[in-house]
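[1] return a 3D structure for these sequence lines:
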Amino acid sequence: MKILYIGLKIDNTSGGAEVVNQRNQKLLEDIAGKENLVYIAPHIRNLCAKFVFGITGKFLQKVGDTLSDGTFTHVFVSQSLLGRVTGYVARKFPEIKVVTFFHNIEIDYARAFLKVQGVKKAPFYLATMLWERCSVRYSDKLITLNGRDSRRLAEIYGKQSDLELPTSFEDKFNADKCTATAVSTDNVIDYLFVGVAFFPNIQGVQWFIDQVLPNVPGNFYVVGKGMDAVAFKNLSARIHIYGYVPDLSDFYYRAKMVVSPIFSGAGMKTKTAEALMYGKTIIGTPEAFEGYDIDERCMILANNRQEFIDGIRVSFPQNNVVNMAARKLFIQKYSTSNKRLKLKEIL
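    Now for the predicted structure:
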């Protein structure tokens, strides 16, 4: 088995999509061997390239030259917006199996983005509609993150997902470091939000600042690439905003509770599995828990302002110790080790 991976090789992650891509790459390396996984990444250099999400004629030529050596058995496309390359490979190299991974159903995201941003985003919406449809049409296998995406795939495009591969992590939890941090630090985090600066996360953080934080005690920490550049309103000494940090573990070990007030989006929220990995109690909206099995011992569902306030008041941990129910759920459902065999089977 030899696989051409269409997408950037991920060495360092700064957001949920990159975490999932890195997970997929490690799974593929385990299955085929590192020497049999070759990467080609599209680049967006101008407006025309942006409309095809970097899959330019020059890029397709590079893909064709690579595949022409006759040794490749599979092409793994890292996201459904890259449908132009899917169609190209299917037509020119029909003997090679094409597998496309759906981080979400992109047309749903594009529709929501168009609604929020207005007509200026119409070109993005149209490009998404065109190229995602090509991904569905020309792929031999389709992989989705969760049941909602599988259902939407069937509803919109009339095609079934071949595999659901939920967000998962290699277990990075360090019990000794967690204990040392919990004992030694006076800088405990009451409420932690982790996420990069894109509109559902920004919207959720501002909502929590405006609607919830004035009604509960404690400090609120926000960590994520670009978040330190966002002009949040109603900031106070209780609110601490950080941008990209290479290692989030210290923030998680110091946190009593993770908050996830996400009201729009698609796919699965990677930060939910990450919080479970670090043994954190999470309070979040239905969107934050989409695709996850809910365990009420560590996951508090809140639909509105009052439910967030009540949930925090009733379930707020007294210290930053590990919620073992969260750890158990992560190991059973969202650790990478149990995903490898499923992916190997469909390849």
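[2] can we go C-alpha only for contacts and neighbour counts from here?
    Noted.
[3] and the strands in the chain?
    3-6, 37-40, 74-77, 97-101, 141-144, 163-164, 189-194, 220-223, 239-242, 255-260, 281-284, 299-301 (DSSP state E).
[4] show me the beta-bridge partners of Ile239.
    Phe220 (DSSP bridges).
[5] go on, His74?
    In beta-bridge terms (that is, DSSP bridges), His74 pairs with Ile3, Lys97.
[6] quick check: it vs Arg254, distance?
    43 Å (Cα to Cα, to the nearest Å).
[7] which one's more surrounded, those two?
    Using other Cα atoms under 10 Å as the criterion, His74 and Arg254 rank with Arg254 on top: 24 against 20.
[8] okay but that one is in contact with Asn320, surely?
    Yes: with contact taken as Cα atoms under 8 Å, Arg254 and Asn320 are classed as touching, separated by 5.9 Å.
[9] shared neighbours, those two?
    Ala182, Val188 (Cα atoms under 8 Å, 6 or more residues apart in numbering).
[10] if we can go back for a sec, redo the strands of the chain as JSON lines? Include distance to Ser135 and mean pLDDT.
    Formatted as JSON lines, the entries for these read as follows, by distance: least, Cα to Cα, whole Å; pLDDT from 0 to 100:
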{"stretch": "strand 3-6", "distance to Ser135": "13", "mean pLDDT": "98"}
{"stretch": "strand 37-40", "distance to Ser135": "17", "mean pLDDT": "97"}
{"stretch": "strand 74-77", "distance to Ser135": "9", "mean pLDDT": "98"}
{"stretch": "strand 97-101", "distance to Ser135": "7", "mean pLDDT": "98"}
{"stretch": "strand 141-144", "distance to Ser135": "9", "mean pLDDT": "97"}
{"stretch": "strand 163-164", "distance to Ser135": "15", "mean pLDDT": "92"}
{"stretch": "strand 189-194", "distance to Ser135": "31", "mean pLDDT": "96"}
{"stretch": "strand 220-223", "distance to Ser135": "34", "mean pLDDT": "98"}
{"stretch": "strand 239-242", "distance to Ser135": "37", "mean pLDDT": "97"}
{"stretch": "strand 255-260", "distance to Ser135": "31", "mean pLDDT": "96"}
{"stretch": "strand 281-284", "distance to Ser135": "32", "mean pLDDT": "97"}
{"stretch": "strand 299-301", "distance to Ser135": "34", "mean pLDDT": "97"}
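[11] for Ala326, find the nearest of those strands.
    For Ala326, the closest of the strands of the chain is strand 281-284, at 7.0 Å, according to Cα to Cα.
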